[in-house]
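Enquirer: Predicted structure and sequence below. I'll ask about it afterward.
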Amino acid sequence: MTIEPKDVLDFWFSPKMRENWFSKSDEIDAEIREKFLAAYDDARADKLEHWKQQPESALALTILFDQFPRNMFRGSPRSFESDGLARDVAAQALDHDFDRKLSSEQRQFFYLPFMHSEYLSDQKRCVDLYEKLGDEFSLGFARQHHDIIERFGRFPHRNKVLGRDTTHEEAEFLKEHAGF
């Protein structure tokens with residue numbers, strides 16, 4: 001079955017998924033893997049490049065690269081493997097003002113690849129985007145992510161899954177902050 005951008009968006013913005021966007025659920029992870037793994041693989045193989053051309057399809061591609069891997073590959077380095085691709089798609093979409101053609105709720109998923117980035121410049125951009133959006137709740141998370149990258153240059157809670165050594169300072173931080 002061929003997946004279309006509408007399939008991704010209808011699924012992601014369904015009432016069931018809205019309740020589970022930022023929570024852990026083995027059931028949801030399995031459902032996303034079953035429905036969208038083939039489309040994810042196609043996207044990684046550059047077979048969905050045409051999705052970048054319109055606001056809705058670019059958003060679907062961003063979600064496919066940024067959100068779905070966090071579910072499909074939870075606890076694995078693969079959960080972060082397409083973060084750079086998500087950021088590139090989102091940046092191109094923002095260059096075309098695609099975010100302004102979508103609802104505030106949808107727009108935030110163009111901004112999350114910058115929040116997930118371990119580059120300080122992306123974190124600054126993320127904070128700026130959420131300030132302009134006027135979403136104080138999400139802005140708080142953007143600032144938290146920014147501050148972690150500013151302090152450590154990376155997200156310490158990813159160290160274990162990515163096989164990175166954890167510094168003493170990061171270990172102390174992780175005692176109080178398990179991650180997002």
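Expert: Yep, that arrived.
Enquirer: how far away is the nearest residue to Pro55 once chain neighbours are set aside from His146?
Expert: Of all residues not flanking Pro55 in the chain, Phe98 sits nearest, at 3.9 Å (C-beta to C-beta, 6 or more residues apart in numbering). Where you see a C-beta, it was placed from the backbone N, CA and C, and this is true even at glycine. Remark: distance between Phe98 and His146 (C-beta to C-beta, to the nearest Å) = 23 Å.
Enquirer: ok, those two, which is more surrounded?
Expert: Neighbour count, other C-beta atoms under 10 Å: between Phe98 and His146, Phe98 has more, with 24 against 19.
Enquirer: what's that one in contact with, if anything?
Expert: 54-55, 58-59, 110 (C-beta atoms under 8 Å, 6 or more residues apart in numbering).
Enquirer: quick one, phi/psi of the residue nearest to Pro55?
Expert: Per-residue torsions, Phe98: phi -60, psi -30 (degrees, to the nearest 10).
Enquirer: related to what we said a few turns ago, go through the contacts of Phe98 and name the one nearest Asp83.
Expert: Of all the contacts of Phe98, Asp83 sits closest to Phe110, with 14.0 Å by C-beta to C-beta.
Enquirer: buried sites along the helix or strand hosting Arg151?
Expert: In this structure, Arg151 sits in helix 136-152 according to DSSP states H and E. Buried residues in helix 136-152, counted by 16 or more other C-beta atoms under 10 Å: 138-139, 141-142, 145-146, 148-149, 152.
Enquirer: so where do the helices sit in the chain?
Expert: Using DSSP state H, the helices of the chain run over residues 5-12, 15-18, 26-44, 55-66, 68-72, 83-95, 104-115, 120-133, 136-152, 159-162, 168-176.
Enquirer: Break the chain down into its domains, please.
Expert: 1-113, 117-180 (automatic domain parsing).
Enquirer: Check what pLDDT Met115 gets.
Expert: Per-residue confidence (pLDDT) for Met115: 97.
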